[in-house]
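Undergrad: what follows is a protein structure lacking sequence information:
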């Protein structure tokens, strides 16, 4: 109980910081509507409503991006995730989310030593022959130092920031509460599924906090790409790797952000690099179903011999076998300009035909795909086509499953990198041979037989369980234990609002009766007096005045949104 109380106190302090930042960036009304102000005021925290600055006059996407940067690592990571949700946000929002960076100073090495000593099992000087005190990079969750093992191997040491887990867990708890309130209090946000977004984000961020998991991802992708000798994945040194620190081979080369250095004089063939990078990522997505979900230029290095190195596997995407087949159908539909195939896949993915006119959506997608009929394959911009399709879904207030949002983000990043290397690069032309090969492979007799056998086994298992399920249902029905539940959204909330309205109406009638009765008493001669006035009439007026003040205050608080559900 004491631990829960202390945790709640820490969360309230953090909530106060978050509310202050939101107000300063022009979101005071949202703070009120969500009931956050009342929660803080009841906990004894003062809210400064006059602190909104000129920032409030910026465009909303800019305001949100600046607020996220000020709120710290959790919210920066959330914005970076949202940058891949073109199905939920328009281009102006995506452009701002893509600018999100953590402006955090590096942690001094002396502050990291106690944690490193515990994780590495010894002093830095004992574990490494050399350890650079100045970090190569510092981000919101971890920072990277270059070092050398005693055997002479050059490595990088990635160290998680001390105390960052506690901060992120507190933020995730608050985000969960706020998302629940947002769905209830702001119906316009419901199509964006705030609670589902926060749950998915929390899972992704907790995985990213585990630096050993990042290394397991790297080794899995390295094994999948073993047949591509020109793709390099840094080797992991497991003897020095754990949840809070990992050690991998140092990758020297030309960063993906410095393409000007990739000259023929330096031995680089840029069109060849574009093709090799595309082949690697397409294999990860279409064949393996396990892919680097953030292949931006900072995570790619170009090495001598026209080799490509991928680093930082903290964010990965996973696609089930069924999902890979759906992706294959979608991409083949786009590449081969088959509108109906695209429509069928997207309707299966969105699955929310109650909030959309399927015929209208189908007509729009068919018209969109059909406009590319007759266009040479080499002129198709696959990433732009995917962006346009998600734009159509966004207009219909439909969202894609999170694994597909990551996939589309990876595709768009990949084609952008390819065109940066070679303006003549076309993802569709690179993808078509692989797509056709995978499509043929899934029609092989061996694959079809395995799929049929798997389906038959599942069907037999269900059929075997069916008599038991029917028997249990009938037994419960005889005992009166079968219940039919009908859920009417917000019914309890509406009932509470009606109760409050009835109470206020009753109080208003009582106040009116007191005023009328006191007026009559005032006209009657005799009886006890107070300040020269009949005491019962005076007391009646005082009671009516106090009741009236209470009623006005209750109505005012209701208009401010104080009747919103508490965070807890």
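TA: That came in fine, so what should we check first? All of these numbers come straight from a predicted model, not from anything done at the bench.

Undergrad: nearest the geometric middle of the protein, what residue?
TA: The centroid of the chain falls nearest to residue 201 when counting by CA atoms, centre = their mean (4.0 Å).

Undergrad: hmm, residue 81 and that one touching each other?
TA: Yes: using CB atoms under 8 Å, residue 201 is in contact with residue 81, at 5.5 Å. C-beta coordinates here come from the backbone N, C-alpha and C atoms, glycine included.

Undergrad: what's the residue nearest to the centre of the chain in contact with, if anything?
TA: Residues near residue 201 by CB atoms under 8 Å, 6 or more residues apart in numbering: 77, 78, 81, 172, 175.

Undergrad: just the buried residues of the residues you listed.
TA: The neighbour count (16 or more other CB atoms under 10 Å) marks 77, 78, 81, 172, 175 as buried among the contacts of residue 201.

Undergrad: ok, the third one touching residue 208?
TA: No: applying CB under 8 Å as the test, residue 81 and residue 208 come out as separate, 10.3 Å apart.

Undergrad: quick revisit: take the buried ones among the contacts of residue 201 and keep only those in helices.
TA: Taking DSSP state H, the ones among the buried ones among the contacts of residue 201 that sit in helices are 77, 78, 81, 172, 175.

Undergrad: name the nearest of those relative to residue 389.
TA: Closest approach to residue 389 among these (CB to CB): residue 81, at 20.1 Å.

Undergrad: quick check, pLDDT for the closest one.
TA: At residue 81, the predicted lDDT confidence score is 78.

Undergrad: ok, the one 3 residues further on next?
TA: Residue 84 is assigned a pLDDT of 72 by the prediction.

Undergrad: phi, psi for it please.
TA: phi -90, psi 0 (degrees, to the nearest 10).

Undergrad: quick thing: my sequence starts at 703, can you match it?
TA: In the new numbering, first residue 703, that becomes residue 786.

Undergrad: mind listing what it touches?
TA: Residue 786 is in contact with 995, 1107, 1108, 1110, 1111, counting by CB under 8 Å, 6+ apart.

Undergrad: the nearest residue to residue 761 once chain neighbours are set aside and residue 880, how far apart?
TA: Computed as CB to CB, 6 or more residues apart in numbering, the closest residue to residue 761 that is not its neighbour in sequence is residue 794, at 7.4 Å. Separation of residue 794 from residue 880 (CB to CB, to the nearest Å): 23 Å.

Undergrad: the more surrounded of these two?
TA: Using other CB atoms under 10 Å, the more surrounded residue of residue 794 and residue 880 is residue 880, with 20 against 12.

Undergrad: before we move on, back to that, can you redo the buried ones among the contacts of residue 903 as CSV with distance to residue 1050?
TA: Shown next, in CSV, are those (distance: CB to CB, whole Å):
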residue, distance to residue 1050
779, 30
780, 28
783, 24
874, 31
877, 30
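
Undergrad: what about residue 818, how many neighbours?
TA: So residue 818, with other CB under 10 Å, has 22 neighbours.

Undergrad: would you map out the domains in this protein?
TA: 807-840+843-952, 954-1168, 1198-1261 (automatic domain parsing).

Undergrad: quick one, which of those domains is nearest to residue 760?
TA: Judging these by CB to CB, what sits closest to residue 760 is domain 807-840+843-952, at 20.8 Å.

Undergrad: centre of the chain to that closest one, how far?
TA: Relative to its chain's centre, domain 807-840+843-952 lies at 18 Å (CA atoms, centre = their mean, to the nearest Å).

Undergrad: thinking again about what came up before, mind putting the domains of the chain into a markdown table with distance to residue 1178?
TA: Shown next, in a markdown table, are the domains of the chain (distance: least, CB to CB, whole Å):
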| stretch | distance to residue 1178 |
| --- | --- |
| domain 807-840+843-952 | 32 |
| domain 954-1168 | 16 |
| domain 1198-1261 | 33 |
